[in-house]
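[1] what's the 3D shape of this:
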Amino acid sequence: MLGTRLILLAMDDFPEANTDTQAEVVAVANHQIPVMWLLAFTQVDIRCFPVGEGDDAIIKGHAGSEYPLLVAKRESLVANLGIVFEQMESSLSEIDRALFKEWSAFVEQQTASVLALDTYELWLTKPEEGALLAELNQVFSLFETIATHSSEALEQMKKTGLWQSENRIALAGYGW
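    The predicted model follows:
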């Protein structure tokens, strides 16, 4: 695999395994999930989808494996971004504040009722099946501290490389 693509999808409904849900790509990122995408979701938005084998499988891999997909109602994502922005605003640089507002407006302007973050290609790069799910849970645990310790949470995100100040692509992806 030459690259890892993460895709934010606009959907007409929540996806279910073995069903065909209409989806449209609305944003793309490479190599890592942009932190502003993640800040829209919460831990309860993680859904694990089965991977199949054979020519009729939509998602190929080891039978019985599951990969995480983040899925939520657009209104919930908009509300989450508003809350997080309010909590972090004073700790952000002017450029990051402007980008956060721009990203939030983009999410709010989507007409689809559901947005989903497809992590399949990133999941494939992990050495163990549950590694990405564990990473996501760890990040969402960190996000929970934003409400009470926003500047400390932001510093922790910077130390781990999750928040790359004034780096538009790392923070919000591209193609939107």
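[2] And the helices in this structure?
    In order along the chain, the chain carries the following helices (DSSP state H): 35-40, 74-88, 94-109, 120-124, 131-144, 150-160, 168-172.
[3] Would you mind finding the most buried of the ones you listed?
    Ranked by mean neighbour count, the helices of the chain are led by helix 35-40 with a mean of 22 (mean count of other Cβ atoms under 10 Å). Any C-beta I mention is one placed from the backbone N, CA and C, and that applies to glycine too.
[4] Low-confidence stretches in the protein?
    For the chain, the stretches flagged by pLDDT under 70 are 1-3, 17-20, 52-63.
[5] of the helices of the chain, which approaches residue 67 most closely?
    Evaluated over the helices of the chain, closeness to residue 67 peaks at helix 120-124, with 4.0 Å, by Cβ to Cβ.
[6] Export only the CA atoms of that closest one, formatted as PDB.
    Extracted C-alpha coordinates of helix 120-124, given in PDB (Å, rounded to 0.1, in the frame of the first residue of the first chain):
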ATOM      1  CA  TYR A 120     -10.400   1.100   7.000                       C
ATOM      2  CA  GLU A 121      -7.000   1.900   5.200                       C
ATOM      3  CA  LEU A 122      -5.500   3.200   8.500                       C
ATOM      4  CA  TRP A 123      -6.800   0.100  10.300                       C
ATOM      5  CA  LEU A 124      -5.000  -2.100   7.700                       C
END
